[in-house]
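Visitor: build the 3D model from these lines:
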Amino acid sequence: MFRRSFFALVAVFAIALACSSKGRNPRYPRRAPGCPLTVYNGLPTGAWDDIGVVEVGCYLDESEIACLGRLRTEACRMGGDIIYNVPKRALRPLERGMIYRAMVAHSRDAKTHDEAPAAHPTGDAGSGAIMLLPKAAESPPAPSPADAGTQ
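Guide: Here you go, the predicted structure:
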């Protein structure tokens with residue numbers, strides 16, 4: 001009885017985990033390892049779309065160059081062509097380990113995306129027609145004393 005309920009609980013958690021994970025962005029498919037990347041220590045120049053955070057952990061026995069190579073490979077796998085906010089030195093949370101964490105993005109053509117912004121599919125408060133407010137002289141009349149709440 002206990003074994004059956006344990007497996008049912010594990011199956012429920014596995015299904016919940018599979019349903020809650022975000023799908024990949026289909027606009028930026030995986031790229032081959034060793035793809036060309038532009039690396040920035042700060043923010044990139046131009047227009048870009050963020051893809052996500054890339055993080056690699058390495059042993060201190062590996063060189064920093066090898067660890068950065070793994071970071072680049074992971075960024076290519078995520079579909080990016082930009083890595084930014086790359087730290088100058090690795091994080092050292094463990095005695096014999098180091099971690100590099102950065103942001104992965106993909107560049108975009110500013111002319112095609114920024115000149116004509118797409119309309120929001122549901123429409124928002126600013127997407128309708130413009131209505132002018134009445135001038136102060138055209139304000140509605142003041143309520144009469146009978147409307148003041150006395151009966």
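
Visitor: mind listing what residue 35 touches?
Guide: For residue 35, the contact set (C-beta atoms under 8 Å, 6 or more residues apart in numbering) comprises 76, 81. Placement of C-beta: from N, CA and C, glycine included.

Visitor: which SSE is it in?
Guide: Following DSSP states H and E, there is no helix or strand that holds residue 35.

Visitor: ditto for residue 83
Guide: strand 82-84.

Visitor: residue 73 too?
Guide: Going by DSSP H and E, residue 73 is part of helix 64-78.

Visitor: could I get the average pLDDT for the strand holding residue 83?
Guide: For strand 82-84, the mean per-residue pLDDT is 94.

Visitor: quick one on the thing from earlier: for the helix holding residue 73, packing partners?
Guide: Packing partners of helix 64-78 (3 or more C-beta pairs under 8 Å, 6 or more residues apart in numbering; DSSP states H and E): strand 48-59, strand 82-84, strand 97-107.

Visitor: identify all contacting residues around that helix.
Guide: Contacts of helix 64-78 (C-beta under 8 Å, 6+ apart): 28, 30-35, 37, 39, 51-52, 54, 56, 58, 83, 86, 90, 98, 100, 102, 104.

Visitor: filter the residues you listed down to the buried ones.
Guide: Those of the contacts of helix 64-78 that meet the buried threshold are 28, 31, 37, 51, 54, 56, 58, 83, 86, 90, 98, 100, 102, 104, by 16 or more other C-beta atoms under 10 Å.

Visitor: any weak-confidence spans in the chain?
Guide: By pLDDT under 70, the low-scoring segments of the chain are 1-25, 110-134, 136-151.

Visitor: just the buried residues of stretch 43-52, please?
Guide: Neighbour-count burial for stretch 43-52 [16+ other C-beta under 10 Å]: 44, 48, 51.
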